[in-house]
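# need coordinates for the below:
(2 chains)
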Amino acid sequence: MTVQKVWSLFDRSQLYECYECSKCSGSCPVTLAGDFLGPRKILLKCLQHGSGRVIRDPLLWYCTTCQVCQDRCPQEINIPELLTGLRNKAAKIGNIPERVKFTVEKIAKTGRSVLGFKVERERKRYNLPPVVEISKEEISKILAETGFFKDLKIDH
Amino acid sequence: MALRYAFFPGCVIPAKYPHFESATRAIAKVLDMELVDLPFSCCPPTSNMKLVHYDSWLALAARNLCVAEEQELDILTTCTGCVSTLKEANYIMRQKPNRRRKINRILEKAGRHYEGTIEVFHLLDVLYDHIGLEAIEEKCIYDLNMKVASHYGCHLFRPSYIMYPEFLSPSHSYVPTSIDEITEVLGGEPVKYMRRFLCCGYPLGANVDEDASYEILREKLYYIKAAHAELIAVACASCFEQFELGQVMIKKKYKETYKLPTLYISQLIGLAMGIDNETLGLKEHIHKIKKLLPRLQERTGRMRATL
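You can find the predicted model right below:
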């Protein structure tokens, strides 16, 4: 039930609306920083070869999720949705950066993305109440139900 | 009647930057807002969980919305990542009945049910729309007298059709002005610079490549410096980290010194309201604001608010 297909998140017919003005890649902060893929290249690869090849490319993950590509697209193609769909599929076949996997695993197991040893001591210095406890069982129950552990091959 | 909100501080601020939280609670007290602590989990972020597993992202976000719904409170977040996740999840659950049914089936296993009765706001929205600039101005006892460069954080206003659907321009995009207008009210001078609404690069550094992310930041800092800004005001803890640590890394790598102090928006407001430096945690910053503090100018006939 939870197999993420790229085209279930993104309407494939939108790909044909692209008129290759390259405004997305021109605005993309990541293409400014180096020779990475950029939204336009990914979109064109999807048009030419389908999603199969691009989801095996580690460069797919070079993105800041700032969504300026969608903001500026004159054809209003929802590029972030395409990229989300592609990365969901990439994560399933194991193309996932180490650090991303580490963070989502931490969220799944503790319910928080940042943990610290001296948190409560630091908070007391500012007269702040302790961080509210959450039920870890509830979080992992929900995630077991969505198929998170199975899809990412994480021990549960 | 005091405004009441479910307080959603996120993960980063309570653990890494408790002084942002104490500054936020202090100005909330001055402005007569009540913040209620509830058992929220991680939002979870659009920059990792959503990319890896969409359904899990939506389910956890919907769970957080349910927690606030049960108390019948709107959510106030202090982080742009959280506001983006929660607003987007709220939008999807309302607009797409198929997904809503699916997620509700999952949530029912944990004894929760999404109804769609509450709204999500960032601290900036609350200050600007609910409290109002006049009410903030009344409580200020100092004029800031500094040139402030604002950085909103991409997730605060993108995608605009979800975040601010009522303020879309004809080209279907939206540009926020709240930090600049608040700065003006505090007696500071907002500075306009190039690449103002573009990314600071943090998620790229956190996910894959730090060097490339500092390259993006370096471009931004260059334009901030060129506009003669003296400090940076941010509305997001991740952006803060990028500006604060990024300046150190850029100095190491390129021998360029910027030394721009970065303040969270509630610290900036607290400064103008005369809240003491210990509560605001100004000492915790790497790039100190101490040099700029003598520039604060007292306003006549104003009483300091008691905490």
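# how about the nearest residue to the residue of chain B positioned farthest from its centre, chain neighbours excluded?
Largest separation from the mean C-alpha position in chain B: B:Lys109, at 32.9 Å (Cα atoms, centre = their mean). The shortest distance from B:Lys109 to any non-neighbouring residue, by Cβ to Cβ, 6 or more residues apart in numbering or on different chains, is to A:Glu145 (5.3 Å). From N, CA and C alone the C-beta is placed, and that goes for glycine too.
# centre of the chain versus the helix or strand harbouring that neighbour, how much separation?
When elements are assigned from DSSP states H and E, A:Glu145 belongs to helix A:136-146. Mean C-alpha position of helix A:136-146 versus that of the full chain (Cα atoms, centre = their mean, to the nearest Å) differs by 20 Å.
# now stretch B:179-196
Per Cα atoms, centre = their mean, the displacement of stretch B:179-196 from the mean C-alpha position of its chain is 15 Å.
# for that stretch, which positions count as buried?
Of the residues in stretch B:179-196, B:179-188, B:190-191, B:193, B:195-196 count as buried by neighbour count, 16 or more other Cβ atoms under 10 Å in any protein chain shown.
# per-domain residue ranges of chain A.
Domain assignment for chain A, taken from automatic domain parsing, gives A:6-92, A:98-151.
# relative to B:Met146, which of those domains is closest?
Ranking the domains of chain A by their distance to B:Met146 (criterion: Cβ to Cβ) puts domain A:98-151 first, at 24.4 Å.
# one step back: restrict the buried residues of stretch B:179-196 to contacts with chain A.
Contacts with chain A within these, counted by Cβ under 8 Å from any Cβ of the partner chain: none were found.
# which one of those is nearest to B:Met249?
Compare each of the buried residues of stretch B:179-196 with B:Met249 using Cβ to Cβ and the shortest gap goes to B:Arg195, at 18.7 Å.
# the closest one: what secondary structure?
For B:Arg195, the secondary structure call by DSSP: H, G, I helix; E, B strand; the rest coil comes out as coil.
# which residues touch B:His155?
If you count contacts by Cβ atoms under 8 Å, 6 or more residues apart in numbering or on different chains, B:His155 has them with A:Thr65, A:Cys66, A:Gln67, B:Thr46, B:Thr80, B:Gly81, B:Val83, B:Ser84, B:Cys236.
# ok, back up a step: count the neighbours of the residue nearest to B:Lys109 for me.
Neighbourhood size, A:Glu145 [other Cβ atoms under 10 Å in any protein chain shown]: 20.
# grab the most central residue of chain A for me.
The geometric centre of chain A, computed from its C-alpha atoms, lies nearest to A:Thr84 (Cα atoms, centre = their mean), at 5.4 Å.
# in chain A, which ranges drop under the pLDDT threshold?
Under the criterion pLDDT under 70, the flagged ranges of chain A are A:1-5.
# show me where it has its helices.
In chain A, the helices defined using DSSP state H lie at A:6-9, A:23-27, A:29-33, A:38-49, A:51-54, A:68-72, A:79-92, A:98-110, A:119-125, A:136-146, A:148-151.
# how distant is the last one from the center of its chain?
Spelled out, that is helix A:148-151. Taking the mean C-alpha point of helix A:148-151 and that of its whole chain, the gap between them comes to 15 Å (Cα atoms, centre = their mean).
# which neighbouring elements make contact with it?
In terms of contact count using 3 or more Cβ pairs under 8 Å, 6 or more residues apart in numbering or on different chains; DSSP states H and E, helix A:148-151 is assigned no packing partners among helices or strands.
# rewinding a little: mind listing what the residue nearest to the centre of chain A touches?
Taking Cβ under 8 Å, 6+ apart as the criterion, A:Thr84 is in contact with A:Leu9, A:Phe10, B:Lys50, B:Leu51, B:Tyr54.
# so the fourth one sits in a helix?
Read that as B:Leu51. Yes: if the criterion is three-state DSSP, then B:Leu51 is within a helix.
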